[in-house]
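>>> how would this look folded up:
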Amino acid sequence: MTQTEKVRFTELWRVGEFRALWIAETASAFGDQLARVALSVLVYLRTSSALLTALTYALTFLPAILGGLALSGLADRFPRRQVIIVTDIVRAVLAAAMAIPGMPLGVLWVLIGLLTLAGGPFKAAQLALLPQILEGDRYAAALALRQVSIQFAQLAGFALGGFLVTVLSAYGALLANGLTFLASAGLVAIGVRARPAARRDKTSTGEPSDTNGAVITLAPIFLLVSLVGLWVVPEGLAAPYADTLGAAAFAVGILMAADPVGSVLGAILARGWFRSESAALSSLLLPAFAAGVPLIVCAMRPGLIASALLWAVSGVFSTIFLLRMQQYVAAVVPNSRRGTVLGRLNACILTSQGVAFAAGGVFADWLGSFAAV
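Below is the predicted model:
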């Protein structure tokens, strides 16, 4: 595969529509992580229950699966800019309601679930709108920049979350999360131009209709994406893995940071590895295979630093696979179905990770953490 000329990230900044989408998404990602910290602190202070705290944390993820599977079609049925703005406003209202002191826990959990559910159509619309704004090498570079910025926003949200909760209180942090949604809605409303709904615009654009062949072409993608969870199992087993190594508590942080660091590096390296016309389906297989190979080496019980390096290498190739997959889907799926497909793929990724985390724990109890990884 021939390399294309790398697009500098600064070139993307000059595209006003992408700039608005990028800032909006990054701010929302930071706010989401801040809210997770605030909710964990709030629920634990009110209940002193580790179980209820963990269940609350799970509610910030699990409904997104249902939202992606059931509501992604909204990104094709209605104008995508409108879907983003409406879902952001809805999430801002829900986040503000969560910040009301003394909110009953049952109501709080319902609000969390609804807010997370609304993330499904938002993500579908955002992912489907991006290839309409940027094409070819610019679109590939935009995918890489998104991956880098989201990883940093999530790390910053966790790193600063405890400090901001201390300064603002848990309720203040939840309100701040609501403000990030309002800011996102405003940026998209001002910076992204209106477009017709993709399905209504189908005939006017001369877009090919969906065929059984297209479904067959996407079947391997869904199968590969269903394996993504296997690559993140080490993150869920970092604590028992470090304990087996006899390492101190700080080793858990080193191991959990390995995959995100590899993900950032993979996004940067992948920037010039795409073909401008589209990534071939066969080109997805190599990084998918390579992401698993470093984890197999863990069966040899490597030390802390070697394990962290292996997990980071896995993160590099898994990120390259995910970015190539998005480019491939954007190239082969008609615009009128792109939101539905990308949204359901994102839900598939979340599902695979949840299932793999649970299965990884079972295997770790049975075979040990090294063999499970």
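
>>> For the stretch 51-200 of the chain, which segments count as helices?
Ranges of helices within the stretch 51-200 of the chain are 62-71, 74-77, 80-98, 105-133, 136-191, based on DSSP state H, counting those that start in this stretch.

>>> Tabulate the ones you listed in JSON lines, adding columns for mean neighbour count.
Heads up, the C-betas are built off the backbone N, CA and C, glycines and all. Output for these, formatted as JSON lines (neighbours: other Cβ atoms under 10 Å):
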{"stretch": "helix 62-71", "mean neighbour count": "21"}
{"stretch": "helix 74-77", "mean neighbour count": "24"}
{"stretch": "helix 80-98", "mean neighbour count": "22"}
{"stretch": "helix 105-133", "mean neighbour count": "22"}
{"stretch": "helix 136-191", "mean neighbour count": "19"}
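
>>> Those: which one's closest to Val333?
For the helices of the stretch 51-200 of the chain, the distance to Val333 is smallest for helix 105-133, at 9.1 Å, taking Cβ to Cβ.

>>> helices or strands up against the closest one?
With contacts defined as 3 or more Cβ pairs under 8 Å, 6 or more residues apart in numbering; DSSP states H and E, helix 105-133 has these neighbours: helix 16-47, helix 50-59, helix 62-71, helix 74-77, helix 80-98, helix 136-191, helix 304-332, helix 335-367.

>>> Neighbours of Glu135, how many?
By the criterion of other Cβ atoms under 10 Å, Glu135 has 13 neighbours.

>>> Check it and give its pLDDT.
Glu135 carries a pLDDT value of 82.

>>> now do Val7
For Val7, the model assigns a pLDDT of 65.

>>> and if you look at Arg271?
At Arg271, the pLDDT recorded in the model is 65.

>>> now swap in Gln126 and tell me
92.

>>> before we move on, back to that, any chance of the helices and strands packed on helix 105-133 in a markdown table, with distance to Gly292 too?
Output for the helices and strands packed on helix 105-133, formatted as a markdown table (distance: least, Cβ to Cβ, whole Å):
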| stretch | distance to Gly292 |
| --- | --- |
| helix 16-47 | 27 |
| helix 50-59 | 26 |
| helix 62-71 | 23 |
| helix 74-77 | 31 |
| helix 80-98 | 34 |
| helix 136-191 | 19 |
| helix 304-332 | 7 |
| helix 335-367 | 12 |
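
>>> between those helices, which has the poorest average model confidence?
Comparing mean pLDDT across the helices and strands packed on helix 105-133, the weakest is helix 50-59, with a mean of 79.

>>> Remind me what that one packs against, helices and strands.
So helix 50-59, by 3+ Cβ pairs under 8 Å, 6+ apart, packs with helix 16-47, helix 105-133.

>>> export these to TSV and tack on distance to Gly368?
Listed next are the helices and strands packed on helix 50-59 as TSV, based on distance: least, Cβ to Cβ, whole Å:
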stretch	distance to Gly368
helix 16-47	29
helix 105-133	34
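
>>> so which of those gets nearest Leu155?
Among the helices and strands packed on helix 50-59, helix 16-47 comes nearest to Leu155, with 8.2 Å by Cβ to Cβ.

>>> tell me how far that closest one is from the chain's mean position?
Relative to its chain's centre, helix 16-47 lies at 13 Å (Cα atoms, centre = their mean, to the nearest Å).

>>> distance between the ends of stretch 233-243?
Chord length of stretch 233-243, first to last residue, is 16 Å (Cα to Cα, to the nearest Å).

>>> Report the mean confidence score over that stretch.
Mean predicted lDDT for stretch 233-243 stands at 84.

>>> Enumerate the positions of that stretch that are buried.
For stretch 233-243, the neighbour count (16 or more other Cβ atoms under 10 Å) marks 233-238, 240-242 as buried.

>>> and the nearest residue to Leu143 once chain neighbours are set aside, how many neighbours?
Excluding its sequence neighbours, the residue lying closest to Leu143 (Cβ to Cβ, 6 or more residues apart in numbering) is Leu323, at 4.8 Å. Other residues lying near Leu323 total 23 when counted by other Cβ under 10 Å.

>>> just to revisit the earlier point, indicate which one of the helices and strands packed on helix 105-133 is closest to Ser263.
Closest of the helices and strands packed on helix 105-133 to Ser263 is helix 304-332, at 4.5 Å (criterion: Cβ to Cβ).

>>> Now that closest one: buried residues?
Across helix 304-332, burial judged by 16+ other Cβ under 10 Å covers 304, 307-332.

>>> export the helices of the stretch 51-200 of the chain to JSON lines and tack on distance to Thr10?
Output for those, formatted as JSON lines (distance: least, Cβ to Cβ, whole Å):
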{"stretch": "helix 62-71", "distance to Thr10": "32"}
{"stretch": "helix 74-77", "distance to Thr10": "29"}
{"stretch": "helix 80-98", "distance to Thr10": "25"}
{"stretch": "helix 105-133", "distance to Thr10": "17"}
{"stretch": "helix 136-191", "distance to Thr10": "10"}
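
>>> Out of these, the one nearest Pro294 is which?
Evaluated over these, closeness to Pro294 peaks at helix 136-191, with 18.8 Å, by Cβ to Cβ.
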